[in-house]
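Trainee: I would like the atomic coordinates for the input below:
(one chain, ligands or ions: 1)
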Amino acid sequence: MVMFQTKFGIVVMMDSLLEVACLILVTGAAGYIGSHTCVSLLNAGYDIVAVDNFTNSKPEALSRVQEITGKTFSLHSVNMLNQEDLDAVFAESNIEAVIHFAGLKAVGESVAQPLRYYENNLVSTINLCKSMQKHGVKKIVFSSSATVYGAQEQVPLREDMPIAPVNPYGQTKAMIEQILRDLAVADEQFGAALLRYFNPVGAHASGRIGEDPQGIPNNLVPYVAQVAVGKRAELTVHGGDYDTPDGTGIRDYIHVMDLADGHVKALAWVMNHTGAEAFNLGTGKGSSVLEVVHAFEQASGVRIPYHIGPRRPGDAARSFADPTKAQRILGWQATKSLADMCADTWHWQSQNPNGYGE
Ligand code: UFG
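Mentor: Numbers count the residues shown, from 1 in each chain. Okay, here's the model as predicted:
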């Protein structure tokens with residue numbers, strides 16, 4: 001039996017100190033991948049502190065995380081460009097590790113507004129790392145992206161291939177990976193898992209949380225889902241003349257709950273390891289645009305009208321992961337099929353045609 005007094009004078013008794021759950025700071029917690037990962041962290045027994053500035057997300061997502069898990073946590077509406085506000089979050093909680101999702105993420109927008117992307121994504125991360133340093137927090141899981149590989153001809157993509165991002169958004173991901181590698185060199189106790197996501201899709205099985213893009217979706221599956229629910233007339237397939245079996249682009253779609261589970265596994269790894277390691281989080285299996293359209297039609301029972309348009313500048317013909325490093329080192333593997341991804345996306349979209357609403 002262990003007894004200790006809190007700063008409020010309350011005596012706490014417990015069988016073992018190990019029963020104190022590990023407290024994790026989640027930045028960008030209200031976003032698409034952040035909110036799903038919060039569910040998995042809470043269900044795995046972690047306590048969390050959520051930070052978001054709601055630029056591209058809604059507090060309602062986190063209310064629903066609490067509803068799904070039956071657990072509560074504190075939420076701080078913080079702009080991470082403000083070092084003092086971020087420091088205050090560290091000062092009031094005993095944070096042991098960070099999962100860092102916060103960042104701007106639209107490829108096209110990053111080409112049009114490079115300074116905004118570099119400033120927001122890099123300065124917020126540098127501030128986060130300074131706060132971590134000040135408060136002795138040495139463990140981080142970072143939301144990187146397969147976009148760091150750039151336009152590689154060779155697939156599957158492996159973590160030891162050279163990285164060559166082709167837009168400012170991808171550059172910020174690559175630069176943050178480098179910052180974290182440098183911190184791991186400077187401090188031998190520092191540990192970082194750099195998670196390179198392929199194409200996250202799907203939603204929590206409850207249909208209560210999911211992807212809620214602002215405006216016209218840039219990404220395939222949210223666009224298809226909006227066509228299915230009647231918000232958009234038809235899909236434009238960006239290119240039908242690629243050197244692929246049906247002429248359309250091939251990507252490695254991964255269910256967001258598999259991805260969330262990957263974060264829980266990466267967190268467990270990083271708590272016990274030092275150094276910075278990149279891990280691909282993908283299924284290792286590519287699907288074409290038309291395969292996704294047909295899988296979505298099957299899952300929803302709705303026909304998806306489409307026409308073939310020109311190629312989208314900057315798109316690769318095919319991109320899919322070699323996920324064996326994550327399997328070997330983190331003990332993680334994707335389990336859900338394209339049919340599951342489409343069924344769960346449809347469940348979310350049909351129950352929430354306007355996302356989280358206003
Ligand atoms: N596509 C269409 N029509 C659309 C949207 C997409 O045909 O309306 C096609 C694309 O050409 C591509 C495939 O669907 O072949 C997937 O496109 P997405 O935009 O959904 O995804 P990307 O692979 O282009 O990019 C995604 C994320 C990036 C991330 C990248 C990592 O959007 O943020 O994966 O590889 F960096």
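Trainee: quick one, helices of this structure?
Mentor: Using DSSP state H, the helices of the chain run over 32-43, 59-69, 83-92, 107-112, 114-117, 124-134, 168-186, 220-228, 256-271, 289-300, 324-325, 338-351.
Trainee: quick one, grab the pLDDT at the residue of the stretch 201-350 of the chain found nearest the ligand.
Mentor: In the stretch 201-350 of the chain, the residue that lies nearest the ligand is residue 249 (2.5 Å; C-beta to the nearest ligand atom). All C-beta spots, glycine's among them, are computed from the backbone N, C-alpha and C. Listed pLDDT for residue 249 reads 97.
Trainee: and for residue 2?
Mentor: Looking at residue 2, the pLDDT reads 37.
Trainee: residue 246 too?
Mentor: 98.
Trainee: again, but for residue 153
Mentor: 84.
Trainee: how close does it sit to residue 183?
Mentor: 32 Å (C-beta to C-beta, to the nearest Å).
Trainee: out of these two, which sits in the busier spot?
Mentor: Legend: neighbour count by other C-beta atoms under 10 Å for residue 153 and residue 183, higher for residue 183 (18 against 7).
Trainee: pretty sure the more buried one sits against residue 128.
Mentor: No - applying C-beta atoms under 8 Å, one finds residue 183 not in contact with residue 128, separated by 11.0 Å.
Trainee: state the number of residues packed around the residue lying closest to residue 108 once chain neighbours are set aside.
Mentor: Among residues not flanking residue 108 along the chain, residue 218 sits closest, at 6.5 Å (C-beta to C-beta, 6 or more residues apart in numbering). Look at residue 218: counted by other C-beta under 10 Å, it has 14 neighbours.
Trainee: got it, and residue 327?
Mentor: Neighbours around residue 327, by other C-beta under 10 Å: 16.
Trainee: just to revisit the earlier point, list the contacts of the residue nearest to residue 108.
Mentor: 106-108 (C-beta atoms under 8 Å, 6 or more residues apart in numbering).
Trainee: mark which of those are buried, thanks.
Mentor: 106-107 (16 or more other C-beta atoms under 10 Å).
Trainee: for the contacts of residue 218, which one is nearest the ligand?
Mentor: Distances from the ligand to these, taken by C-beta to the nearest ligand atom, are shortest for residue 107, at 5.5 Å.
Trainee: my guess is the closest one contacts residue 169, does it?
Mentor: Yes - counting by C-beta under 8 Å, residue 169 is a contact partner of residue 107 at 5.1 Å.
Trainee: joint contacts of those two?
Mentor: Joint contacts of residue 107 and residue 169 (C-beta under 8 Å, 6+ apart) are residue 147.
Trainee: contacts only, for residue 187.
Mentor: Per C-beta under 8 Å, 6+ apart, neighbours of residue 187: residue 138.
Trainee: dump the helices of the chain into CSV; add distance to the ligand as well.
Mentor: Compiled in CSV, the helices of the chain are given as follows (distance: least, C-beta to the nearest ligand atom, whole Å):
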stretch, distance to the ligand
helix 32-43, 11
helix 59-69, 19
helix 83-92, 25
helix 107-112, 6
helix 114-117, 12
helix 124-134, 17
helix 168-186, 6
helix 220-228, 4
helix 256-271, 12
helix 289-300, 5
helix 324-325, 17
helix 338-351, 12
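Trainee: tell me the most buried of these?
Mentor: helix 32-43 (a mean of 25; mean count of other C-beta atoms under 10 Å).
Trainee: quick check: bridge partners of the spatially closest residue to residue 73 that is not a sequence neighbour?
Mentor: Leaving out its chain neighbours, the residue that sits closest to residue 73 by C-beta to C-beta, 6+ apart is residue 48, at 4.8 Å. Residues in a beta bridge with residue 48, per DSSP bridges, are residue 24.
Trainee: just checking, residue 48 touches residue 22?
Mentor: No - Residue 48 sits out of contact with residue 22 when judged by C-beta under 8 Å, with a separation of 9.7 Å.
Trainee: more neighbours, these two?
Mentor: Shown here are residue 48 and residue 22; by other C-beta under 10 Å, residue 48 has more neighbours (27 against 19).
Trainee: and residue 305, how many neighbours does it have?
Mentor: Residue 305: 10 neighbours (other C-beta under 10 Å).
Trainee: give me the nearest residue to it, chain neighbours excluded.
Mentor: residue 234 (4.0 Å).
Trainee: please apply the same query to residue 312.
Mentor: Residue 312's closest residue in space is residue 238 (C-beta to C-beta, 6+ apart), at 3.9 Å.
Trainee: residues in contact with the nearest residue in space to residue 243 that is not next to it in sequence?
Mentor: Nearest non-adjacent residue to residue 243, counting by C-beta to C-beta, 6+ apart: residue 317, 5.8 Å away. By C-beta under 8 Å, 6+ apart, residue 317 lies in contact with 242-244, 249-250.
Trainee: what of residue 128?
Mentor: 27, 80, 86, 98, 100.
Trainee: switch the cut-off to 10 Å
Mentor: 25, 27, 51, 80, 83, 86, 90, 98, 100, 102, 137, 140, 142, 176 (C-beta atoms under 10 Å, 6 or more residues apart in numbering).
Trainee: try residue 329
Mentor: With C-beta under 10 Å, 6+ apart, residue 329 has these contacts: 193, 265-266, 269, 273, 277, 279.
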